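[1] The amino acid sequence is not available; the structure is as follows:
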């Protein structure tokens, strides 16, 4: 019930999936609203909240990745369409790559920018990077973070559409695998 099987996901994977989904949505919404916040103390607080929640998401994602490596893989849902199966794999790997890009570019952007440290609810995480690389790393990290955030939006939309297709059109029980633990 707790571990994944060939029949479906276990409780731990389901909790990790929905926890990561909630965290990603929260981080994306917080990040998307930052530019609308007036410059000054309010914007600084909004950026700080975005960074703190993102750090908490990181704490969820690392154990989730570890859990994925120590558990058997539940087979991807297959359709009667090679094209849709290919798109599903692209979306899965796209999400992994974009999340990795965000997790790497976010802290690098902060550490090489004016802040210099990530503030997680009053706990400062100083940069481990040499200051001699700040200019180059900051120039790459900012645009990469924005590109990955936009990619996440598209990929999550495709992921949700795929789940809804399985739920409404195919009615094949695939959607249920991420709601009810396999026995």
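    That came through, no problem. Every value quoted in this text rests on a predicted model; they were computed, and no experiment measured them.
[2] how far away is the residue nearest the centre of the chain from residue 93?
    Geometric centre of the chain, nearest residue: residue 99, 4.4 Å, by Cα atoms, centre = their mean. Distance, residue 99 to residue 93, by Cβ to Cβ, to the nearest Å: 11 Å. (Glycine included, C-beta is placed from N, CA and C.)
[3] What is the neighbour count of residue 170?
    Residue 170 has 15 neighbours, counted by other Cβ atoms under 10 Å.
[4] quick one, what contacts the nearest residue to it once chain neighbours are set aside?
    Leaving out its chain neighbours, the residue that sits closest to residue 170 by Cβ to Cβ, 6 or more residues apart in numbering is residue 79, at 7.2 Å. Residues in contact with residue 79 (Cβ atoms under 8 Å, 6 or more residues apart in numbering) are 85, 88, 170.
[5] Can you classify residue 79 by secondary structure?
    Here residue 79 is recorded as coil under DSSP: H, G, I helix; E, B strand; the rest coil.
[6] likewise residue 12?
    Going by three-state DSSP: residue 12 is helix.
[7] Can you report how many residues neighbour it?
    Residue 12 has 17 neighbouring residues, counting by other Cβ under 10 Å.
[8] pretty sure it contacts residue 2?
    Yes. The pair residue 12 / residue 2 is scored as a contact, 5.4 Å apart, by Cβ atoms under 8 Å.
[9] Distance of the residue located most distally from the centre of the chain relative to residue 162?
    In terms of distance from the mean C-alpha position of the chain, residue 132 ranks first, at 29.6 Å (Cα atoms, centre = their mean). For residue 132, the distance to residue 162 equals 45 Å [Cβ to Cβ].
[10] May I have the distance across stretch 129-137, first residue to last?
    One end of stretch 129-137 to the other measures 10 Å (Cα to Cα, to the nearest Å).
[11] what does it contact?
    Taking Cβ under 8 Å, 6+ apart as the rule, stretch 129-137 contacts 108, 111-112.
[12] May I see the buried residues of that stretch?
    134, 137 (16 or more other Cβ atoms under 10 Å).
[13] now do stretch 73-84
    In stretch 73-84, counting by 16+ other Cβ under 10 Å, buried: 74, 77, 79.
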